[in-house]
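Chemist: when you get a sec, could you give me coordinates for this:
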Amino acid sequence: MLHDTIFKANDIRGVTAGDHPEWDAAGALALGVTYARLMAGPDATPVEFIVGRDMRASGPELAAAFIAGARSEGARVVDAGLTSTDQLWFVSGDLGLPGVTFTASHNPARYNGIKFCLSGARPVTPDFLVRLRTESMALDASGPDLAAIRAAGAEQGAYRQQDFLAEYAAHLHSLVPLDGIRRLKVVVDAGNGMAGHTAPSVLGPLGLDLDVLYGELDGSFPNHEPNPLVPENLVDAQRRVVETGADLALVFDGDADRCFAIDETGSVVDPSAITAMIAVQELQREPGGTIVVNTITSASVPEIVAEHGGRTITSKVGHTYVKALMAEHDAVFGGEHSAHYYFRDFYLADTGMLAGLHVLSLLGRSDKPLSELVAQYVRRVGSGEINSDVADQQASMDAVAEAFAGRGEQDRIDGLTIRGDGWRINLRPSNTEPLLRLNVEAPDVATTEALRDEVLGIVRG
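Modeler: Coordinates of the predicted model:
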């Protein structure tokens, strides 16, 4: 079974459990067959690719069905087993093979999904996702014989398992100056997600005083959902930092490709400030380099990048767009306000763990607390991302555009963006959920709150 709603702008994401599942093992089988056909080389040469998965309960069954379908077409499979998404990007870059990882990132436990990349962790094209949707749904509708394809797969493409965790950790360590940093007390909230798998290997050898919350892999997420964008999911880490006197906390989403930082006071560090901070460090290494940000990243970041001799390119929200622009402009670093951070030396891919290492490096070589270290990168007050469930996303954006006509410059590069005197509004549809997302920033709290309330009043009626 494959429902067309699971095919998103950048990946696959849908419900696999409960009374109304949107895809299942039979659908994963059809996806595997179609993937192998689409990825076959000249003269139908079978593709070799890597498969990983996160800790969700449905992962083993879905991954196995996908692998069987691909192998029945002759595809050769390297099964990396449990992997964070950024670990899968690393393996793709290191081996020069395309990759597939089963994850629904920050979505609730009843969801699962698939993220794809080409060899070298390069993003797949929109055309690939369109063809995957069309051809796999047609195949699924024809009712393929799961047992027969599984049996055929066992006799076709080669299959091997390999763990790449040690190589992944070593590569991350090679990219950040970590020697000589002071001993930091660090809270890590893995949220029962994949950071519980990767953090011990990456952070364990650094001589840190580590305090890991919810490090057990559990796709039911018994403590809180693995979505750091929701404030209540940060409360446990904030409380732990204050109670233990830690220097900071690092909070990861379910597949550990995003990382949020919490300072020593228990305050959440603005991801745009983290973007600016890392950008400055990368520009010291590569003067005049290019930094990619997205449409909801604070306007402070391009200002700071310019002050340090760099240039900024603005992307639509979403990893495929950011990666494509980074490749086009040979950017050294990219940051999204959703706490996705991209590095040219990490195959242009996003990695929460590497971003966390950069924060640890900067803090560990400073005698200032994190709150003071990041203060110089914060020039505006942000609303945070506010989600609204609306019946007609386009009509809501049009209504806001009409209400703000003549009060600022508007564009539709990614949803609706309105720029005024020192303030900015961005209202855009989610790429993964049926939501309209609002981000507002202004020079002061009062202006931010007034703009926020005005837009929400229109959107929510």
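Chemist: show me the contacts for the closest residue in space to His3 that isn't next to it in sequence.
Modeler: Counting by C-beta to C-beta, 6 or more residues apart in numbering, His3 lies nearest to Glu22, which is 4.0 Å off, once chain neighbours are set aside. Where you see a C-beta, it was placed from the backbone N, CA and C, and this is true even at glycine. The contact partners of Glu22, by C-beta atoms under 8 Å, 6 or more residues apart in numbering, come to Met1, Leu2, His3, Thr5, Ile6, Gly14, Val15, Thr16.
Chemist: got a list of what the closest residue to Ser105 other than its chain neighbours touches?
Modeler: Counting by C-beta to C-beta, 6+ apart, Asp255 is the residue found nearest to Ser105 once chain neighbours are left out, at 4.9 Å. Contact partners of Asp255, counting by C-beta under 8 Å, 6+ apart, are Asp54, Ser84, Thr85, Thr101, Thr103, Ala104, Ser105, His106, Lys115, Gly193, Met194.
Chemist: Ile114 now?
Modeler: Going by C-beta under 8 Å, 6+ apart, the list of residues near Ile114 reads Asp11, Ile12, Leu31, Phe66, Val100, Thr101, Phe102, Thr103.
Chemist: helices or strands next to the helix or strand harbouring the third one in the packing?
Modeler: With elements taken from DSSP states H and E, the one containing Leu31 is helix 25-39. Packed against helix 25-39 by the contact rule (3 or more C-beta pairs under 8 Å, 6 or more residues apart in numbering; DSSP states H and E) you find helix 59-72, helix 126-141, helix 146-154.
Chemist: list the helices and strands the first one packs on?
Modeler: Judged by 3+ C-beta pairs under 8 Å, 6+ apart, helix 59-72 is in contact with helix 25-39, strand 48-53, strand 76-82, strand 99-102, strand 111-117, helix 146-154.
Chemist: looking at these, which is closest to Lys316?
Modeler: Taking C-beta to C-beta, strand 111-117 is the member of the helices and strands packed on helix 59-72 nearest to Lys316, at 17.3 Å.
Chemist: export the closest one to PDB, keeping only CA atoms.
Modeler: The C-alpha atoms that make up strand 111-117 are tabulated as PDB, following Å, rounded to 0.1, in the frame of the first residue of the first chain:
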ATOM      1  CA  TYR A 111       5.300   7.700  11.100                       C
ATOM      2  CA  ASN A 112       8.100   6.400   9.100                       C
ATOM      3  CA  GLY A 113       9.800   7.700   5.900                       C
ATOM      4  CA  ILE A 114      12.700   7.500   3.500                       C
ATOM      5  CA  LYS A 115      15.400  10.000   2.700                       C
ATOM      6  CA  PHE A 116      17.500   9.600  -0.500                       C
ATOM      7  CA  CYS A 117      20.800  10.800  -1.800                       C
END
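Chemist: outline the domain layout of the chain.
Modeler: Per automatic domain parsing, the domain ranges recorded for the chain read 4-163, 167-262, 271-351+359-375, 381-459.
Chemist: all the strands of the stretch 151-300 of the chain, in order from the start?
Modeler: For the stretch 151-300 of the chain, applying DSSP state E, counting those that start in this stretch gives strands covering 159-161, 185-189, 209-213, 248-252, 259-262, 290-294.
Chemist: and those strands: which comes nearest Phe49?
Modeler: The nearest among these, by C-beta to C-beta, is strand 159-161 at 11.4 Å.
Chemist: what residues of the closest one count as buried?
Modeler: Counting neighbours by 16 or more other C-beta atoms under 10 Å, one finds that the buried residues in strand 159-161 are Tyr159.
Chemist: likewise for stretch 46-58?
Modeler: Pro46, Val47, Glu48, Phe49, Ile50, Val51, Gly52, Arg53, Asp54, Met55, Arg56, Ser58.
Chemist: ok, the fifth one - contacts?
Modeler: So that's Ile50. Val77, Val78, Asp79, Ala80, Leu88, Val91, Ser92, Leu95, Leu97, Pro98, Gly99, Val100.
Chemist: assumed Asp414 was part of a strand.
Modeler: No. Under DSSP: H, G, I helix; E, B strand; the rest coil, Asp414 sits outside any strand and is assigned coil.
Chemist: distance of it from Lys8?
Modeler: 15 Å (C-beta to C-beta, to the nearest Å).
Chemist: ok, those two, which is more surrounded?
Modeler: For Asp414 versus Lys8, the count of surrounding residues by other C-beta atoms under 10 Å is larger for Asp414: 20 against 17.
Chemist: doesn't Asn426 make contact with the more buried one?
Modeler: Yes. Using C-beta atoms under 8 Å, Asp414 is in contact with Asn426, at 7.3 Å.
Chemist: quick check: neighbours shared by the two?
Modeler: Thr295, Ile296.
Chemist: surely Ile149 is in contact with Phe66?
Modeler: No. Counting by C-beta under 8 Å, Ile149 sits too far from Phe66 to count as a contact (11.0 Å).
Chemist: need the overlap of contacts for those two.
Modeler: Residues touching both Ile149 and Phe66 (C-beta under 8 Å, 6+ apart) are Leu29.
Chemist: include pLDDT and distance to Ala403 when you put the buried residues of stretch 46-58 into TSV, please.
Modeler: Formatted as TSV, these follow (pLDDT from 0 to 100; distance: C-beta to C-beta, whole Å):
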residue	pLDDT	distance to Ala403
Pro46	96	55
Val47	97	50
Glu48	98	54
Phe49	98	48
Ile50	98	48
Val51	98	48
Gly52	98	46
Arg53	98	45
Asp54	98	41
Met55	98	44
Arg56	98	41
Ser58	98	43
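Chemist: in TSV, list those residues along with distance to Thr447.
Modeler: Shown next, in TSV, are those (distance: C-beta to C-beta, whole Å):
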residue	distance to Thr447
Pro46	58
Val47	53
Glu48	55
Phe49	50
Ile50	48
Val51	49
Gly52	45
Arg53	45
Asp54	40
Met55	42
Arg56	42
Ser58	45
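Chemist: return the helix or strand in the chain with minimum mean pLDDT.
Modeler: Between all helices and strands in the chain, the lowest mean by mean pLDDT, DSSP states H and E belongs to helix 146-154, at a mean of 67.
Chemist: show me what contacts Ala399?
Modeler: Contacts of Ala399 by C-beta under 8 Å, 6+ apart are Ile458, Val459.
Chemist: quick one: residues contacting Pro60.
Modeler: Arg53 are the contacts of Pro60 under C-beta under 8 Å, 6+ apart.
Chemist: Ala246 touches Arg240, doesn't it?
Modeler: Yes. Between Ala246 and Arg240 there is a contact under C-beta under 8 Å: 7.0 Å.
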